Structure formats: structure tokens, C-alpha cells
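the amino acid sequence is not available; the structure is as follows:
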Ligand code: G3I
């Protein structure tokens with residue numbers, strides 16, 4: 001057994017330990033009955049950084065291109081489709097016996113300039129159909145799960161939120177969501193199609209209102225016979241708020257009762273408002289992640305637990321309005337900038353591994369999954 005110091009010595013020590021202990025890295029974390037773990041993938045380190053690839057190989061069973069399947073990346077012009085990013089992530093996933101998740105077919109954001117010329121319902125529907133048909137059929141039978149519509153619920157300021165404004169809502173009305181799902185199902189009838197949204201996890205009026213709005217939207221879509229198979233809880237947890245455990249468990253249980261699968265698709269913890277000191281900040285990040293996953297599992301067994309990135313080195317949270325005002329690097333993910341496991345790693349691993357179904361006869365489903373003998377923080 002490696003000592004805690006050796007094991008957590010940093011990227012090389014930790015990942016090498018895992019690889020050695022497990023032989024084939026990818027198999028290290030694929031254990032019968034365990035909820036798959038995944039991460040979004042940034043194309044630059046995937047191509048340039050061995051440690052980044054090693055972390056993905058050692059831990060992931062599913063990968064999501066971070067921005068390579070957005071409209072703006074895929075389609076800089078109306079007639080161009082750049083599948084290079086998606087194809088490279090798929091090739092890496094397939095080489096490592098992993099699945100790739102499709103993110104995302106329809107979103108209000110990351111739209112290329114030319115789509116501002118769309119000026120009628122007929123044109124909007126035509127472009128939507130061309131896009132979904134071309135993208136989904138390229139990965140037919142390979143991408144098993146699509147985030148068909150991302151973030152359909154509008155930002156709330158405490159009121160009952162409606163649908164978020166977008167070119168799709170403007171020209172096609174609220175039935176744009178029905179259309180998107182039907183087009184995706186037509187392009188790949190075997191694909192699992194999910195609706196993906198955020199800010200439904202915490203205590204607070206606006207979180208509760210968004211949860212309610214998403215549940216209502218889901219029930220309406222199912223009522224209209226839309227081929228909706230699951231719901232994605234993004235899980236960008238706002239670290240300064242407590243998790244609404246009863247609210248999350250109730251929402252997840254309701255999705256399960258409607259026959260839908262539940263996916264945690266973009267888990268990380270926004271630590272912008274947490275204390276600067278690393279150990280207390282890490283502890284709060286880990287606690288939020290643990291509480292959220294515990295609440296999800298209490299409602300239903302999720303299909304996947306995916307974090308939005310695997311290392312703090314490439315988190316989106318170092319940029320834009322969610323970045324820390326003090327300029328310190330964010331620490332939202334299971335591995336820090338140097339690929340050392342953070343307390344969130346152990347909290348997320350234990351939340352996942354302590355809920356394996358008893359797949360092996362006689363196995364103890366609650367024995368922590370620990371292929372490399374990585375000591376838990378409390379062990380020495
Ligand atoms: O660096 C590349 C550049 O080389 C390339 O030429 C250019 C072409 O578009 O893209 C540049 O990358 C930018 C990337 O961030 C850099 O990391 C993309 O333009 C930009 O779109 C991208 O921003 C993404 C953001 O969504 C867009 O709103 C983030 O990567 C991504 O992490 C973030 O993820 C979203 C989820 O999709 C949905 N849920 C919320 C989540 C966080 O906002």
C-alpha cells in the first residue's frame with residue numbers, strides 16, 4: 001500500500017500508482033455495478049498533455065467534448081461542419097473503451113454569427129433539421145446519449161421562470177423543444193435523448209422555482225409524446241449555498257417515477273464566494289459535492305456522474321463572471337492544477353462507490369471502491 005505522501009505526491013506519483021496497481025488504466029475504475037464516471041474534455045490538453053490523457057484513461061468511462069459540438073465551433077459558416085474536435089474525442093474514447101456523450105444539439109448560447117440572419121420560422125426549422133440530422137447521423141450508434149436541448153429554462157429572479165429566449169423560441173415557439181427531440185430521434189432511434197439544465201440543486205426560492213419549471217416542462221413534453229428519455233442535472237453547484245437535499249431527492253424521484261433516466265452531467269463547485277484559504281475551501285467544495293450526490297442517489301440511481309472537466313487546470317471557472325474576484329485559481333474539480341486528488345475526489349468517489357449494486361455474488365456493495373489502494377484522507 002502506498003503511503004499517503006507517496007500516493008498524493010502529485011500527478012506522476014498518483015496516476016502511476018493507479019496505472020501500476022490496475023494494469024490497464026481504463027479498467028481500474030470500471031467495476032461491475034458502479035455508476036460510470038465521466039468528464040468533459042478540452043481538446044488542447046487531450047492532444048498535448050500526457051498527464052491529462054492519463055487522468056481521463058485512469059478514471060473515466062464517459063467523455064463529453066467541452067465545446068467541440070457547439071454550433072459556433074461546428075459551424076463557423078452556414079455550410080461548414082467542423083467535426084475535428086468531436087471526432088478526436090470519439091477516437092480517444094473508443095480507444096479506451098469509453099462512451100462519448102453528445103453536448104449539445106440546441107442551446108441559446110455559442111451560436112455563430114451567421115445564425116443572426118435567420119429571419120423566419122421556416123428557415124429556423126430548416127436549419128434546425130439540417131443541423132440535428134447531420135450531427136446525430138454522423139455519430140449514429142456511437143454517441144449513445146445526446147444532450148438534445150441545453151438550458152431551456154430562463155434565468156429566474158424569484159418568479160416562476162418560463163422558457164429562455166433564443167432564436168428557436170422566437171421563431172418556433174415553445175414547440176422548438178418537441179421538434180428538436182423528434183428530429184434527434186429520427187436521426188438515431190437508438191440514442192438516449194435528454195434535457196439538460198442547471199441551478200436546481202440549492203436551497204433558495206429561485207432554485208425551487210427552476211426545479212418546478214423543469215419538472216413541469218418534462219411532464220408537458222411527455223404528455224405530448226415527445227421522445228424524451230432522461231434529464232440531465234448539470235450540477236454546477238454554487239458553493240455558497242446549501243444543497244436542497246429534499247428538493248433534489250424529490251425532483252430526481254419524480255423523474256424516475258415518470259420513467260426517465262437521471263444524469264449528473266457537469267458537476268463542479270463554484271467556489272468564487274468561498275474563503276481563499278485552500279484547505280477550508282476544499283472541504284466546503286467536497287461537502288457540497290457529497291451532499292448533492294447523496295441527494296441524487298436518494299432519489300434514483302443516476303446513469304452517470306460526470307464532472308465538467310477533470311482537473312482545475314482547465315476549468316471554465318477560471319474565466320468569465322464565475323471566476324473568483326480575488327483572482328485565485330478556482331478549485332472545483334476532483335484533481336487540482338497539479339493532478340493531485342482533492343477532497344472533492346474522495347467525496348465524489350465515495351458517493352459513487354459506496355452505492356454499487358451487488359453485481360458480484362457475495363460482494364459488499366458498500367465496500368469503498370479502491371483499485372489502487374489510494375488511502376482516504378483520514379487514513380495514513
Ligand atoms: O480556445 C478556443 C479557440 O482555439 C477556438 O478557435 C475557438 C473557436 O470557437 O474557441 C476557443 O475556445 C473557447 C473555449 O471556451 C475555451 O475554453 C470557446 O470559443 C468557448 O465557447 C468556450 O466556452 C465554453 C462555454 O460553455 C460557452 O458558453 C466553455 O469552454 C464551457 O466549459 C462552457 O460550458 C457550459 C456548458 O456547455 C453548459 N453548461 C454551463 C457550462 C459553463 O458555462
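Great, that's in hand. The structure presented is a predicted model; accordingly, all values stated were derived computationally and were not measured. Numbering: from 1, shown residues only.

for residue 41, give me its contacts.
Counting by C-beta atoms under 8 Å, 6 or more residues apart in numbering, residue 41 touches 56, 63-66, 89, 92. Every residue, glycine included, has its C-beta placed from N, CA and C.

what does residue 215 give?
251, 254-255.

could you list the low-confidence segments of this protein?
1-32, 158, 356-380 (pLDDT under 70).

how about the residue nearest the centre of it, secondary structure?
Centroid-nearest residue in the chain, with C-alpha atoms, centre = their mean: residue 265, separated by 2.2 Å. Secondary structure assignment for residue 265 (DSSP: H, G, I helix; E, B strand; the rest coil): strand.

measure it to the ligand for me?
Distance of residue 265 to the ligand, given as C-beta to the nearest ligand atom, to the nearest Å: 8 Å.

same check on residue 155?
As judged by C-beta to the nearest ligand atom, residue 155 and the ligand stand 13 Å apart.

where does that residue land in three-state SS?
Residue 155 is classified as coil under three-state DSSP.

what does residue 251 give?
helix.

which element, helix or strand, includes the closest residue to it other than its chain neighbours?
Leaving aside its sequence neighbours, residue 251 sits nearest to residue 211 (C-beta to C-beta, 6 or more residues apart in numbering; 5.1 Å). Assigned by DSSP states H and E, residue 211 falls within helix 205-223.

give me phi/psi at the residue in the stretch 51-200 of the chain that the ligand sits nearest to?
The minimum distance from the stretch 51-200 of the chain to the ligand, using C-beta to the nearest ligand atom, falls at residue 67 (4.3 Å). Residue 67 adopts backbone torsions of phi -130, psi 10, taken as degrees, to the nearest 10.

count of residues packed around the nearest residue to it once chain neighbours are set aside?
Computed as C-beta to C-beta, 6+ apart, the closest residue to residue 67 that is not its neighbour in sequence is residue 73, at 5.5 Å. For residue 73, the neighbour count with other C-beta atoms under 10 Å is 19.

again with residue 295
Close neighbours of residue 295, defined as other C-beta under 10 Å, add up to 21.

residues from the stretch 101-250 of the chain in reach of the ligand?
Within the stretch 101-250 of the chain, the positions lying close to the ligand (C-beta under 6 Å from any ligand atom) are 109-110, 150, 234.

how about a cut-off of 8 Å?
With C-beta under 8 Å from any ligand atom as the criterion, the stretch 101-250 of the chain meets the ligand at residues 103-104, 107, 109-110, 150-151, 196, 198, 234, 236.

in the stretch 251-380 of the chain, which spans are helices?
278-299, 343-353 (DSSP state H, counting those that start in this stretch).

I misspoke; the intended subject was the stretch 1-150 of the chain.
Using DSSP H, counting those that start in this stretch, helices in the stretch 1-150 of the chain cover 4-7, 11-22, 25-28, 43-48, 50-59, 71-74, 84-95, 121-138.

go through the helices of the stretch 251-380 of the chain and pick out the most buried.
Mean neighbour count (mean count of other C-beta atoms under 10 Å) peaks for helix 343-353 among these, with a mean of 22.

just want the angle from that one to helix 278-299.
20 degrees (axes from the mean of the first three to the mean of the last three C-alpha atoms, to 10 degrees).

so which elements touch helix 343-353?
helix 278-299, strand 305-307 (3 or more C-beta pairs under 8 Å, 6 or more residues apart in numbering; DSSP states H and E).

out of those, which is closest to residue 34?
strand 305-307 (9.9 Å; C-beta to C-beta).

sheet partners, orientation included, of that closest one?
Take DSSP bridges as the rule and strand 305-307 pairs in its sheet with strand 37-41 (parallel), strand 261-270 (parallel).

tell me the angle the shortest one makes with helix 84-95.
Translated: strand 37-41. Angle of strand 37-41 versus helix 84-95, following the same axes, to 10 degrees, is 150 degrees.

and strand 37-41 with helix 50-59, angle?
150 degrees.

for the last one, same thing?
With the same axes, to 10 degrees as the criterion, the two stretches strand 261-270 and helix 50-59 enclose an angle of 140 degrees.

ok now strand 261-270, how far from the chain's centre?
From the chain centre to the centre of strand 261-270 is a distance of 5 Å (C-alpha atoms, centre = their mean, to the nearest Å).

same deal with the first one?
Mean-position distance between strand 37-41 and its chain equals 7 Å (C-alpha atoms, centre = their mean).
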